[in-house]
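# Please find the sequence and the predicted model below.
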Amino acid sequence: MVSIKVIAAECGVSVATVSKALNGHSDISEATRQRVTETARRLGYMPNSMARALKTNRTYNIGVLFVDEAQSGLTHEYFAAVLDSFKKEAERRGYDITFINHHIGGKASSYLEHCRYRGVDGVVAACVQFGDPEVVELVQSDLPSVTIDHVFNNRSAVLSDNAEGIRTLVEHLIRLGHRRIAYIHGERHSSVTEKRLASFYKTCADHGIEVPDAYVRPAEYRGVVACAGRTQELLALPTPPTAILYPDDFSSVGGIHVIQEAGLSIPGDISVAGYDGIPLAQVMTPQLTTYRQNTEMLGRQAAVLLIQQIENPRITLPEQQVVGGSLQSGASTAAPRR
């Protein structure tokens, strides 16, 4: 294994100069830095992670807390895309990632205990029950943390603009002429759902639309079967809606199937819209109208905020960043029939 002594001898400089060049110190010339780094690259030098941890008091390892109750794991299109972007930005900045769970060597542990055991420098939390006492304990500890789509007091978070997303979809339907708009929403315990529901009611009210209670029904995110059932209930109403919003693109598949099985056309008889903007929406028949969340920006900003806390703890203040998305208009929405 190539050591910094070998690099120093090759370049004709001291070991201290090599160390400074490789660690970005400013008290050496740019020419020397370039010569040292090029030599290190040519010789295949790799820094020892344990030695670096002792010197910097950092492991360059970030914990990822991802608990998906739907058991879809990293096939969850939205969060998989967010975490992929997070991983790329973290790796670009020299960090590895470790998934945090409830086990250490086969024994039960809390999330915080697992983070301590793995020695992570910080943790990002996504797709978890944020009211879980163990999640609260972790986020409120002295470990740097960033949450995705949830805000804790005095902690950093990256948020998709859920209120704007629903407003954009509802106003798209209103521009087409819809007044009977139903909304099948996700789990109520989620702050994401709360924001989307409030935005749905407010947008309708802003346009003078009164929403019947029967038009707003609960399901689960990615709940194909549940959304199919809620769609059947909506179609059975004495005055059914002319448009239905689904909690996400994936779950809309169940609703679309029910509508087509009932002999109704989309969007001729009824318009449908999803949420997220996953690739599936582009290949569905008809192509789904949806709101595309900016997963790349969400993941990247989460990594930036977390690494800022890790590397500059004394000057980094907690902040919440809101990331907008965009309407992805498809063939599943059209003007209602008179």
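It's in.
# which residues sit in contact with residue 103?
Contacts for residue 103 (C-beta atoms under 8 Å, 6 or more residues apart in numbering) come out as 109, 114. Where C-beta positions appear, they are placed from N, C-alpha and C, glycine not excepted.
# Phi and psi next, for the closest residue to residue 273 other than its chain neighbours.
Spatial nearest neighbour of residue 273, chain neighbours left out: residue 289 (4.5 Å); criterion: C-beta to C-beta, 6 or more residues apart in numbering. Recorded main-chain torsions at residue 289 are phi -80, psi 130, according to degrees, to the nearest 10.
# And residue 289, how close does it get to residue 176?
Distance, residue 289 to residue 176, by C-beta to C-beta, to the nearest Å: 10 Å.
# what does residue 99 give?
Distance, residue 99 to residue 176, by C-beta to C-beta: 43 Å.
# Looking at these two, which one has more neighbours?
The residue with more neighbours, out of residue 99 and residue 176, is residue 176; 16 against 13, by other C-beta atoms under 10 Å.
# just checking, that one touches residue 335?
Yes - the pair residue 176 / residue 335 is scored as a contact, 4.8 Å apart, by C-beta atoms under 8 Å.
# Give me the common contacts of residue 289 and residue 176.
Joint contacts of residue 289 and residue 176 (C-beta under 8 Å, 6+ apart) are 271, 333.
# Which residues are in contact with residue 290?
169, 249, 273-277, 281, 328, 330.
# quick one: which of these sit in strands?
When DSSP state E defines the strands, the subset of the contacts of residue 290 inside them is 273, 328.
# Export the contacts of residue 290 to CSV and append columns for distance to residue 264.
Below are the contacts of residue 290 laid out as CSV (distance: C-beta to C-beta, whole Å):
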residue, distance to residue 264
169, 20
249, 20
273, 16
274, 18
275, 22
276, 24
277, 25
281, 20
328, 23
330, 17
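# Compare the contacts of residue 290 and tell me which is most surrounded.
Neighbour max across these (other C-beta under 10 Å) = residue 275, 31 neighbours.
# Which pLDDT value goes with that residue?
For residue 275, the pLDDT comes out at 97.
# my read: it touches residue 244, true?
No - taking C-beta under 8 Å as the definition, residue 275 is not a contact partner of residue 244, at 12.0 Å.
# So, low pLDDT: which residues of the stretch 1-150 of the chain?
1, 24, 47-57, 68-75, 105 (pLDDT under 70).
# again, 50 this time
Applying pLDDT under 50 to the stretch 1-150 of the chain flags residues 71.
# And the helices in it?
For the stretch 1-150 of the chain, the helices defined by DSSP state H, counting those that start in this stretch occupy 4-11, 15-22, 30-43, 49-56, 77-92, 111-118, 133-139.
# Looking at the ones you listed, spot the one closest to residue 126.
Among the helices of the stretch 1-150 of the chain, the nearest to residue 126 by C-beta to C-beta is helix 77-92 (5.6 Å).
# Just the C-alpha atoms of the closest one, please, in CSV.
Only the C-alpha atoms of helix 77-92 are listed here, as CSV (Å, rounded to 0.1, in the frame of the first residue of the first chain):
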residue,chain,number,x,y,z
GLU,A,77,-40.1,5.1,-6.7
TYR,A,78,-40.2,8.6,-5.1
PHE,A,79,-38.0,7.9,-2.1
ALA,A,80,-35.6,5.6,-4.1
ALA,A,81,-35.0,8.6,-6.5
VAL,A,82,-34.5,11.0,-3.6
LEU,A,83,-32.1,8.7,-1.8
ASP,A,84,-30.2,8.0,-5.0
SER,A,85,-29.6,11.7,-5.4
PHE,A,86,-28.6,12.0,-1.8
LYS,A,87,-26.1,9.1,-2.2
LYS,A,88,-24.6,10.7,-5.3
GLU,A,89,-24.0,14.0,-3.6
ALA,A,90,-22.7,12.5,-0.4
GLU,A,91,-20.3,10.3,-2.3
ARG,A,92,-19.2,13.3,-4.4
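# who's in contact with it?
Helix 77-92 is contacted by residues 62, 64, 66, 68, 74, 96-97, 124, 126-127, 148, 248-250, 276, 278-280, 293, 295-300, 302-304, 306-307 when judged by C-beta under 8 Å, 6+ apart.
# If you count neighbours, what's buried in it?
Buried residues in helix 77-92, counting neighbours by 16 or more other C-beta atoms under 10 Å, are found at 77-83, 85-87, 89-90.
# Cool, thanks, signing off.
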